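# Using only what follows, build the 3D model:
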Amino acid sequence: MIKIEAVLETDGTLRACKAEGHAGAGKTGTDIVCAAVSVLMRTALSVLSGRKGITVRGGAPERGQLWLEVDYEAEGRDFLFTAGIFLIEGLKSIAQEFPKNCSISILTED
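Reported below is the predicted structural model:
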C-alpha cells in the first residue's frame, strides 16, 4: 500500500507531502496506482521548483519513496496554494478509487 501524508497550513496551503510504499496493484512497471501517484508528486515537485517566491526540496531516495517540502514568500503563496489543491485533490481521488492500494492522511499545521 502507498501511504501518503500531506501537511497543510490551516488555510490549505501545502507545506509538505510524502508518499511511501508500493501499491501492489500490478507488476513493477505496470502498476497504475504507483504511476498515478508518481506522476502527481513528480509534477508538483517540478512545477514548484524554480518558481519565484517558492523554495521546494524533495526527492526519491529509493524506490517506493517520494517527498517534497515547501517554504514560500508572499509573492509565491497564490501559486503554491493552487498547485497544492491540484496535488491533494488528485491524490485523494486515487486513494478513493483504489482504497486497498493507496491511503492519504492530511495533517494541519498551525
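
# drop to CA atoms for contacts and neighbour counts, all remaining ones
Will do.

# Where is the longest helix in this protein?
helix 74-97 (DSSP state H).

# which residues are in contact with it?
Here helix 74-97 makes contact (Cα atoms under 8 Å, 6 or more residues apart in numbering) with 6, 12-14, 33, 36-37, 40-41, 44, 48, 51-54, 72, 101-104.

# ok, how many other residues are close to Cys102?
27 (other Cα atoms under 10 Å).

# would you list every one of the helices in the chain?
Going by DSSP H, the chain shows helices at 32-48, 74-97.

# Distance to Ile2 and mean neighbour count for these - can I get that in CSV?
Output for the helices of the chain, formatted as CSV (distance: least, Cα to Cα, whole Å; neighbours: other Cα atoms under 10 Å):
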stretch, distance to Ile2, mean neighbour count
helix 32-48, 8, 18
helix 74-97, 9, 16
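
# between these, which one is nearest to Arg63?
helix 32-48 (10.7 Å; Cα to Cα).

# Restricting to C-alpha, output that closest one in PDB.
Presented in PDB, the C-alpha positions along helix 32-48 are these (Å, rounded to 0.1, in the frame of the first residue of the first chain):
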ATOM      1  CA  ILE A  32      -1.400   2.200 -12.500                       C
ATOM      2  CA  VAL A  33      -1.700   3.400  -8.900                       C
ATOM      3  CA  CYS A  34       2.000   3.800  -8.400                       C
ATOM      4  CA  ALA A  35       2.200   5.500 -11.800                       C
ATOM      5  CA  ALA A  36      -0.600   8.000 -10.900                       C
ATOM      6  CA  VAL A  37       0.900   8.900  -7.500                       C
ATOM      7  CA  SER A  38       4.400   9.200  -9.000                       C
ATOM      8  CA  VAL A  39       3.200  11.500 -11.800                       C
ATOM      9  CA  LEU A  40       1.300  13.800  -9.500                       C
ATOM     10  CA  MET A  41       4.200  14.100  -7.000                       C
ATOM     11  CA  ARG A  42       6.900  14.500  -9.500                       C
ATOM     12  CA  THR A  43       4.900  17.100 -11.500                       C
ATOM     13  CA  ALA A  44       4.200  19.100  -8.300                       C
ATOM     14  CA  LEU A  45       8.000  19.000  -7.500                       C
ATOM     15  CA  SER A  46       8.900  20.100 -11.000                       C
ATOM     16  CA  VAL A  47       6.200  22.900 -11.200                       C
ATOM     17  CA  LEU A  48       7.100  24.300  -7.900                       C
END
